[in-house]
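A.B. asks: Sequence and predicted structure, then a few things I'm wondering about:
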Amino acid sequence: MSLFFIQMADPQLGMFAFFSGLTDDEIEERRRRGINARKAPAKITGFADETRLFTQAIEAANRLKPAFVVVCGDMTNDPDDEAQLAEVMRIGHLLDRNIPLHWVAGNHDAGDAPTAETLVRYRERFGDDNYSFDNGGSHFVVINSCVCFDPGQVPHEWDALVEFLSNDLQAARDSGCEDIVIFMHHPLFMDDPEEADGYFVIPGIRRKVILDVLKAQGVSAVFAGHLHRNAIASDGPLQMVSTGPVGYPLGDDPSGLRIVRIYGDTIEHDYYGLDDLPDSVEP
Ligand SMILES: [Fe+2]
């Protein structure tokens, strides 16, 4: 094994409280959109559930000692809630300082339709939204999928993202790295690269632009979140992996994280519920 890393998605502090406040009609409306909202026994406030879950995930990383941790977006439910933000940062800082922590912009962080203001705010809080890093002979690229989802108010950001991605991947290929992996919040697709547009995936017109760049450079895999459930698909040799949430689940899988092992040019990965994690990751 060249390395393993831990992918987390959607710790989303405040989502349990938000969903506990939905009326029957609001739950029904979400179910029609494919969002498996559940009736809570009682209205809750704050983010105690997410604190427990995200802390459990970070403590697992400290024990397992991955090459790095990546959090694929939706760090908080409400980007205007300073208490949620402070708490997610506090827990993030519990990660062993020898393990790099990489943030990825989610729609709850940078907006369903980002603006210049939401992007500035994101970058002040979490750093760059489009960047790359190397580890163990592999190359990892983070992109801001909120800009891919709806660049209507920031069209130049979409142009800049595509240019960054193209140039970065070409440079990685030229340097001879074995594997290239992409992290983003929204999946490019859930089941099929030709599937219809919708809330959960990058619209087809921009999905194709990104996929063409990734396939031209032989990218191995894309890891995303956003669905709050697991979904695994492919486009030829490219794996498209959507990972369930650290926080509130919207599918059958429990709150959890994904362990990704890279062996030369092969990538293997498994999702684990937070109460069902291994004691160690063996080579
Ligand atoms: Fe989310």
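C.D. replies: Alright, I've got the coordinates. If you're wondering where the values come from, they're calculated on a predicted model, not measured in any experiment.
A.B. asks: ok, and does the lowest-mean-pLDDT helix or strand in the chain reach over to the ion?
C.D. replies: Least confident helix or strand of the chain, by mean pLDDT, DSSP states H and E, is helix 24-32 with a mean of 90. No - contact of helix 24-32 with the ion (CB under 5 Å from the ion) is absent, the minimum separation being 12.9 Å. No exception for glycine: its C-beta is placed from N, CA and C like everyone else's.
A.B. asks: near the ion, anything from the following helix or strand past that helix?
C.D. replies: Next helix or strand after helix 24-32 toward the C-terminus (DSSP states H and E): helix 48-64. No - taking CB under 5 Å from the ion as the criterion, helix 48-64 and the ion are apart, separated by no less than 11.3 Å.
A.B. asks: Can you point out the buried residues in helix 48-64?
C.D. replies: Across helix 48-64, burial judged by 16 or more other CB atoms under 10 Å covers 49-51, 53-61, 64.
A.B. asks: contact partners of that helix?
C.D. replies: 6, 8, 11-16, 69, 87-88, 91-92, 94-96, 99, 246-248, 255, 257, 259, 274, 277-281 (CB atoms under 8 Å, 6 or more residues apart in numbering).
A.B. asks: Just the ones of those in helices?
C.D. replies: Using DSSP state H, the subset of those located in helices is 15, 16, 87, 88, 91, 92.
A.B. asks: now the strands: where do they sit in the stretch 51-200 of the chain?
C.D. replies: 69-71, 101-103, 131-135, 138-142, 179-183 (DSSP state E, counting those that start in this stretch).
A.B. asks: Could you single out the most deeply buried of those?
C.D. replies: Compared across the strands of the stretch 51-200 of the chain, strand 69-71 shows the largest average neighbour count, a mean of 26 (mean count of other CB atoms under 10 Å).
A.B. asks: who does that one pair up with?
C.D. replies: Applying DSSP bridges, strand 69-71 is found paired with strand 3-8 (parallel), strand 101-103 (parallel).
A.B. asks: Can you give the distance of it from its chain's centre?
C.D. replies: Offset of strand 69-71 from its chain centre (CA atoms, centre = their mean, to the nearest Å): 8 Å.
A.B. asks: That one near the ion at all?
C.D. replies: No - under the criterion of CB under 5 Å from the ion, the ion is not reached by strand 69-71; the shortest gap measures 11.3 Å.
A.B. asks: What average pLDDT does that strand get?
C.D. replies: Across strand 69-71, pLDDT averages out at 98.
A.B. asks: go on, stretch 116-125?
C.D. replies: Computed over stretch 116-125, the average pLDDT equals 98.
A.B. asks: in that stretch, what counts as buried?
C.D. replies: So stretch 116-125, judged by 16+ other CB under 10 Å, has buried residues 118, 119, 121, 122, 125.
A.B. asks: ok, the nearest residue to the last one once chain neighbours are set aside - how many residues close by?
C.D. replies: Nearest in space to residue 125, with sequence neighbours left out and distances taken as CB to CB, 6 or more residues apart in numbering, is residue 85 at 6.7 Å. The criterion is other CB atoms under 10 Å. On that basis, residue 85 has 19 neighbouring residues.
A.B. asks: Just the closest residue of the stretch 51-200 of the chain to the ion, please.
C.D. replies: The minimum distance from the stretch 51-200 of the chain to the ion, using CB to the ion, falls at residue 74 (3.4 Å).
A.B. asks: Tell me which residues touch that residue, please.
C.D. replies: Counted by CB under 8 Å, 6+ apart, residue 74 has contacts 9-12, 106-109, 185, 225-226, 245, 247.
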